[in-house]
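Engineer: Please find the sequence and the predicted model below.
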Amino acid sequence: MKVLILDDNIDVALSVSQMTKACLPEAEILVFYDSLEALRKMTGDIDIFITDFDMPGLDGVAMAVNAKTMNKKTAVVMISGLPQTEIEDTPRRTEDFRSSVDWFIAKPVNLADLQRTIGEIVE
């Protein structure tokens, strides 16, 4: 299993990476702090894509759309300190969010929420 984690906050990205490794010890985990760099390195073999919403460059919704374009089976998990209703602030963004984001976890991300989400993904 291959997991890509993207958050411009290095501490959050590393924390989510450690929690993900605890949930999926055999997974290959790639961590990025820059959306444009992640996009350049993103391939269609990502099983789980965990992304922040609010980042410089491309936001998490745009990154989710790209991930789903490369592989419709990629499970996309959005993490954000903003409520989901603020992310879906325009009809176009709402459409993109709903078609590309499979799970939403509010920050701060905790192990129980991440375990539950990953458990649903791998079922």
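Structural biologist: Noted; the coordinates are in hand. Numbers count the residues shown, from 1 in each chain.

Engineer: Can you tell me which helix or strand of this structure has the lowest average pLDDT?
Structural biologist: With mean pLDDT, DSSP states H and E as the measure, the helix or strand of the chain carrying the lowest mean pLDDT is helix 84-87 (a mean of 78).

Engineer: Follow the chain on from it and name the next helix or strand.
Structural biologist: Using DSSP states H and E, the helix or strand that follows helix 84-87 towards the C-terminus is helix 91-100.

Engineer: Which residues belonging to that following helix are considered buried?
Structural biologist: Residues 96, 97, 100 are the ones in helix 91-100 that count as buried (16 or more other CB atoms under 10 Å). The C-beta positions use only the backbone N, C-alpha and C, and glycine is treated the same way.

Engineer: Kindly report the same for stretch 31-46.
Structural biologist: Those would be 31, 32, 33, 35, 38, 39, 42, 46, for stretch 31-46 by 16+ other CB under 10 Å.

Engineer: separation between the third one and residue 64?
Structural biologist: Distance check for residue 33 against residue 64: by CB to CB, to the nearest Å, it reads 17 Å.

Engineer: And for the last one?
Structural biologist: For residue 46, the distance to residue 64 under the criterion CB to CB works out to 11 Å.

Engineer: before we move on, what about the fifth one?
Structural biologist: Per CB to CB, residue 38 is found 12 Å from residue 64.

Engineer: nearest to residue 89, of the buried residues of helix 91-100?
Structural biologist: Using CB to CB, residue 97 is the member of those that lies nearest residue 89, at 9.7 Å.

Engineer: Quick one: residues contacting that closest one.
Structural biologist: With contacts defined as CB atoms under 8 Å, 6 or more residues apart in numbering, residue 97 is in contact with 61, 64, 78, 84, 87, 88.

Engineer: of those, closest to residue 20?
Structural biologist: residue 78 (14.7 Å).

Engineer: Show the contacting residues for the closest one.
Structural biologist: Contacts of residue 78 (CB under 8 Å, 6+ apart): 51-53, 60-61, 64, 84, 87, 97, 101, 103-105.
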